[in-house]
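S.K.: sequence first, predicted model second:
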Amino acid sequence: MLELRHIFKTYEGKPLLNDISFKLDSGETICLLGASGSGKSTLLRIIAGLEDPDSGSILFNNIDLASTPPHLRDFGLVFQDYALFPHLNVNDNVAFGLKMRRMGQDEMTERVASSLELVNLMEFGQRRVTDLSGGEQQRVALARALAIRPRLLMFDEPLGALDRSLREELLNELRMILHRTQIPAIYVTHDQEEAFTIADRVLILHDGQIVREGTPAEVWANPKSAFVAEVLGLGKVFEGVVRGSQNGEWKVESKFGVFVVGCGHEHQGGEEVHLLARPLKVQDEANVISGIVTDVIFQQDRYKVTFDNGLFVYLDEPPKVGEKLTVRVKVECLA
């Protein structure tokens with residue numbers, strides 16, 4: 001399907017994208033997750049043909065797209081600001097790409113109707129887009145992208161301007177539409193919750209490079225680096241020094257205590273490593289952390305609990321500030 005090979009891009013001498021390679025399979029949705037300036041939107045524009053890479057190649061069904069202009073790639077692109085035509089009604093906005101392809105009127109009418117049905121706007125065809133809510137306008141933008149029967153759908157922060165409840169509603173609808181149509185998709189966001197909801201596979205970008213790739217479950221269970229663990233908010237990342245091995249595991253000293261850490265890395269005595277502590281519900285874990293609770297913050301479905309030594313963990317139930325607390329933790333080595 002889609003394949004990127006060694007994409008490089010610089011701007012004013014500074015690297016924006018540094019050796020980006022990945023594949024997207026038929027019917028798969030991948031999410032490019034990263035902070036502003038990580039290169040994700042630039043990468044999307046390159047795939048769409050709106051910008052050229054400095055080097056590297058983009059292939060679709062094994063055909064190099066270097067000489068294919070944007071309008072001939074048959075890719076749909078949905079933006080955060082909708083990019084609708086305010087002087088046109090809903091039907092005409094959805095039909096715009098079809099008119100550019102000189103589609104016959106009967107087929108165009110059927111295509112517009114089926115696209116609006118997919119996004120639950122069948123009764124909105126004659127309305128002016130300026131009379132619609134933000135969520136309805138985003139649905140129109142999606143219907144317009146779907147109407148051309150794209151080979152690939154791309155979304156650039158499409159829900160960023162919407163409130164939380166509407167964002168969740170549209171995200172679930174979009175996920176069902178993508179599964180129903182089996183159109184491969186690339187979704188760009190800085191929001192981890194959006195990424196994990198919509199994606200079959202997540203690519204985390206940092207300084208123009210892919211630093212972690214995998215399913216949402218794989219990335220959550222094994223972030224592999226301190227940066228990814230911090231981006232995902234998995235817990236406190238802290239430094240430690242390897243002091244030796246014990247029964248095939250590593251003994252690591254930190255300012256929060258000495259921990260026994262199992263990992264697949266090879267270490268030397270005195271080596272500095274990054275560690276991540278996450279609470280466990282099982283009772284056979286050797287590592288514990290203790291301290292006086294200094295702060296408790298509710299964060300949607302969990303509590304961020306901070307100790308007097310600066311360490312924090314996420315818990316399902318809130319302790320009291322000032323309480324002395326001991327928590328069994330899994331300490332992971334992030335190398």
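M.R.: Arrived safely, thanks for sending.

S.K.: quick check: K255 vs V261, distance?
M.R.: K255 sits 15 Å away from V261, going by C-beta to C-beta, to the nearest Å. All C-beta spots, glycine's among them, are computed from the backbone N, C-alpha and C.

S.K.: those two: which has the busier surroundings?
M.R.: More neighbours surround V261 than the other of K255 and V261, with 22 against 10 (other C-beta atoms under 10 Å).

S.K.: distance check, the more buried one against A145.
M.R.: Where A145 is concerned, V261 sits at a distance of 47 Å (C-beta to C-beta).

S.K.: before we move on, what about V296?
M.R.: Going from V296 to A145 by C-beta to C-beta gives 44 Å.

S.K.: one more: I7?
M.R.: Applying C-beta to C-beta to I7 and A145 gives a distance of 23 Å.

S.K.: isn't L32 up against K40?
M.R.: Yes. Between L32 and K40 there is a contact under C-beta atoms under 8 Å: 4.1 Å.

S.K.: and for these two, which residues touch both?
M.R.: V188, L205 (C-beta atoms under 8 Å, 6 or more residues apart in numbering).

S.K.: for the stretch 101-250 of the chain, which segments count as helices?
M.R.: Applying DSSP state H, counting those that start in this stretch to the stretch 101-250 of the chain gives helices spanning 105-118, 134-147, 164-181, 192-198, 216-221, 226-231.

S.K.: between the ones you listed, which one is nearest to A95?
M.R.: helix 105-118 (5.1 Å; C-beta to C-beta).

S.K.: tell me which residues are up against the closest one.
M.R.: 90-91, 94-95, 98-99, 103, 122, 124-125, 143-144, 146-147, 149, 177, 180-181.

S.K.: if we go to 10 Å?
M.R.: For helix 105-118, the external contacting residues (C-beta atoms under 10 Å, 6 or more residues apart in numbering) are 90-95, 97-99, 101-104, 121-125, 139-140, 142-149, 173, 176-177, 180-181.

S.K.: do stretch 254-273 as well
M.R.: Contact partners of stretch 254-273, identified using C-beta under 10 Å, 6+ apart, comprise 222, 226, 236, 238-253, 275-277, 285-291, 307, 309-311, 329-335.

S.K.: 8 Å instead?
M.R.: So stretch 254-273 is in contact with 238-244, 246, 248-252, 275, 277, 286-287, 289, 309, 311, 331-335, going by C-beta under 8 Å, 6+ apart.

S.K.: just the buried members of the residues you listed?
M.R.: Of the members of the contacts of stretch 254-273, the ones counted as buried by neighbours, 16 or more other C-beta atoms under 10 Å, are 238, 240, 242, 250-252, 275, 277, 287, 289, 311, 331-334.

S.K.: closest to L50 out of those?
M.R.: Ranked by distance to L50 (C-beta to C-beta), the buried ones among the contacts of stretch 254-273 are led by L334 at 36.3 Å.

S.K.: excluding chain neighbours, what is closest to the closest one?
M.R.: H274 (4.2 Å; C-beta to C-beta, 6 or more residues apart in numbering).

S.K.: got it, and F259?
M.R.: V331 (4.3 Å).
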